[in-house]
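Student: Model the structure of this input:
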Amino acid sequence: MVSQFTILDQLKTLIDHEIEAAKSGMEARIILKLNNIEDPKMIRRLYEAARAGVEVILIVRAICCILPERNLEIRRIVDRYLEHSRIYHFFNGGKPKMYQGSADWMRRNLYRRIEVVFPVVDDAVRNQVEEMLRIQLADNVKATLIIKNGRNKEINKTGDLVQAQRATYAYLGNSEART
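Tutor: The predicted structure follows:
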């Protein structure tokens, strides 16, 4: 997917597929890890998906112009290291489609810059990226939830403490031994 050319149509198609699945009573989920989201068109699409029954989970580090509602959860993780990874994960009827790239969901990224988003097709790499998403979603040390008024709310520190950046570093260090 290349911004200015194909990214918007392809993202719309992926979101529409999840909406149709939800309307058909099937499991539907979108997980996005971005630094920023502020494009009004993409925000409207995510609200539409959530209202159709798609589980939408966002991990947004910085600028976030979308608010949570039913089926739409927003997390923020700010820690020692600035993270630049963008991950787009679509459930796709149990055959996940995953993409990585440089594009945040901002007007400048989608309409004015050349940004590239590529599919993750290798099973081993996809499994690794999915594990890193699970680690991010398990963070209960540095993560906060964005609540309806746009403010951050601490996540309950129950169970084992997970700090995503440290846990990801440990995971990636151990993954070299497995390959």
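Student: burial count for Asn35?
Tutor: Applying other Cβ atoms under 10 Å, we find 19 other residues in the vicinity of Asn35. Placement of C-beta: from N, CA and C, glycine included.
Student: same question but for Ala138, I mixed them up
Tutor: The local packing count at Ala138 equals 17, with neighbours defined by other Cβ under 10 Å.
Student: same question, Ala164
Tutor: For Ala164, the count of nearby residues is 25 (other Cβ under 10 Å).
Student: and it, what does it touch?
Tutor: Under the criterion of Cβ atoms under 8 Å, 6 or more residues apart in numbering, the contact list for Ala164 reads 77, 79, 135-136, 138-139, 141-143.
Student: now, the most widely separated pair of those residues?
Tutor: Asp79 and Ala138 (13.8 Å; Cβ to Cβ).
Student: can you list contacts of the strand or helix carrying Thr13?
Tutor: Following DSSP states H and E, one finds Thr13 within helix 7-23. Where contact means Cβ under 8 Å, 6+ apart, the residues beyond helix 7-23 that reach it are 1, 27-30, 41-42, 45-46, 48-49, 52-54, 88, 90-93, 97, 103, 110, 115, 117.
Student: same thing with stretch 144-162?
Tutor: In this structure, residues lying in contact with stretch 144-162 by Cβ under 8 Å, 6+ apart are 60, 64, 67-69, 73-77, 135, 138-141, 143.
Student: Just the CA trace of that stretch, in PDB.
Tutor: Output of stretch 144-162 as PDB, limited to C-alpha atoms (Å, rounded to 0.1, in the frame of the first residue of the first chain):
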ATOM      1  CA  THR A 144      -2.700   3.900  30.100                       C
ATOM      2  CA  LEU A 145      -6.200   3.800  28.700                       C
ATOM      3  CA  ILE A 146      -7.500   6.800  26.900                       C
ATOM      4  CA  ILE A 147     -11.000   7.400  28.400                       C
ATOM      5  CA  LYS A 148     -14.100   9.200  27.000                       C
ATOM      6  CA  ASN A 149     -12.900  12.700  28.000                       C
ATOM      7  CA  GLY A 150      -9.600  12.100  26.200                       C
ATOM      8  CA  ARG A 151      -7.500  11.800  29.300                       C
ATOM      9  CA  ASN A 152      -5.200   9.000  30.300                       C
ATOM     10  CA  LYS A 153      -6.300   6.500  33.000                       C
ATOM     11  CA  GLU A 154      -3.900   4.200  34.600                       C
ATOM     12  CA  ILE A 155      -4.400   0.500  33.900                       C
ATOM     13  CA  ASN A 156      -4.900  -1.700  37.000                       C
ATOM     14  CA  LYS A 157      -1.600  -3.200  38.000                       C
ATOM     15  CA  THR A 158      -3.000  -6.700  38.800                       C
ATOM     16  CA  GLY A 159      -1.200 -10.000  38.200                       C
ATOM     17  CA  ASP A 160       2.300 -10.000  36.800                       C
ATOM     18  CA  LEU A 161       3.700  -6.600  35.900                       C
ATOM     19  CA  VAL A 162       4.500  -6.200  32.200                       C
END
